[in-house]
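Peer 1: got a predicted structure plus its sequence, pasted below:
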Amino acid sequence: MNSEIREILTDLKAAARIGHADSLNAALDLVAQLDPVASNQSFEDGFIEQVLLPLGSALNAPLVPDAWLGELVSAPLAALRAMAAVALTQRYRAGNQQVEKELSDLSKDERADVRQCLVTALRQTEGDNSEHLFCLAQKWLQAASARTRACGLGLLSESGFSEALPLLETAHTDEDPDVRRALVDALLEMAARGHGQDIMQMLTAWTEETSPNVWVITKTLAGSWAVDHLASAEAILDKLAADENNAKRVESGRKALARHHNK
């Protein structure tokens, strides 16, 4: 974090301690002058981690009204929406269920990096409210918005596998590309956390379906975790290869598996 960001963070914290709208808006004007914010272009991961998350966290002060944060949810600048996501997330994880609508609105944000900031903040926020997080994931996975469903999958890896299993089973039939990518990410993360055997059994069952989701299965098998279950992974790919329409995806999966195996 450079000196300019540190100075803005100090000003923002001071304004948040007071909680007056004029002071808060003046501090946000300084944020809006930062080049990555003013350009309103997509943010790099480093900017999210080093700038937006700390600035958003500063807004979660007792005297900052929920209503004021709620107004930021529709701000023209994506950075301000991302900061609101962080502050509202921390309040939600602290037990403030009244901000759930704002979080739901943010899960539908047109910017993928704003949604990324939302999910990252939900997962990183400390507190003994993992049950609330799982309930939120359940609701979001039933939402009409594919963006919201994808965000819901991003929260599942924080849950126990047995709890997440029914939701993963439902998500694997989702045809939206964003949801499919989020599902693969969730499966890979759960496999990395020691649920590889469970994931492999799930993929095996999906392979037996009449119309298996070949893209999800092969992308998940392309992770390094699958090497520890090589025979099962190869059996799945062999099964999928029986349909010549799957040839390219199966071949891609085999190459990835071979690369990891030869390391």
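Peer 2: Received the coordinates, thanks.
Peer 1: just for the stretch 1-150 of the chain, where's the confidence low?
Peer 2: Residue ranges of the stretch 1-150 of the chain with pLDDT under 70: 1, 125-130.
Peer 1: kindly recompute the last result at 80.
Peer 2: Residue ranges of the stretch 1-150 of the chain with pLDDT under 80: 1, 125-132.
Peer 1: so which residues of it form strands?
Peer 2: All residues of the stretch 1-150 of the chain lie outside strands when identified by DSSP state E, counting those that start in this stretch.
Peer 1: and the closest residue to C151 other than its chain neighbours, how far from P54?
Peer 2: Nearest non-adjacent residue to C151, counting by Cβ to Cβ, 6 or more residues apart in numbering: S107, 4.2 Å away. For the C-beta atoms, the positions are set from N, CA and C on the backbone; glycine is no exception. Counting by Cβ to Cβ, to the nearest Å, the gap from S107 to P54 is 22 Å.
Peer 1: what's the answer for S74, then?
Peer 2: From S74 to P54 the distance is 23 Å (Cβ to Cβ).
Peer 1: related to what we said a few turns ago, let me see the contact set for the residue nearest to C151.
Peer 2: For S107, the contacting residues are 115, 118, 140, 143, 145, 147-148, 151-152, by Cβ atoms under 8 Å, 6 or more residues apart in numbering.
Peer 1: derive a ChimeraX selection command for the buried subset of these.
Peer 2: This is the ChimeraX syntax for the buried subset of the contacts of S107, where burial follows 16 or more other Cβ atoms under 10 Å:
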select :115,118,140,143,147,148,151,152
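Peer 1: what is the nearest of the contacts of S107 to S232?
Peer 2: If you rank the contacts of S107 by distance to S232 using Cβ to Cβ, G152 comes first, at 27.7 Å.
Peer 1: so which strand or helix has the closest one?
Peer 2: helix 146-156 (DSSP states H and E).
Peer 1: following that helix, which helix or strand comes up?
Peer 2: That would be, after helix 146-156 and using DSSP H and E, helix 161-171.
Peer 1: buried residues of that next one, list them for me.
Peer 2: By 16+ other Cβ under 10 Å, the buried positions in helix 161-171 come out as 161, 164-165, 167-168, 171.
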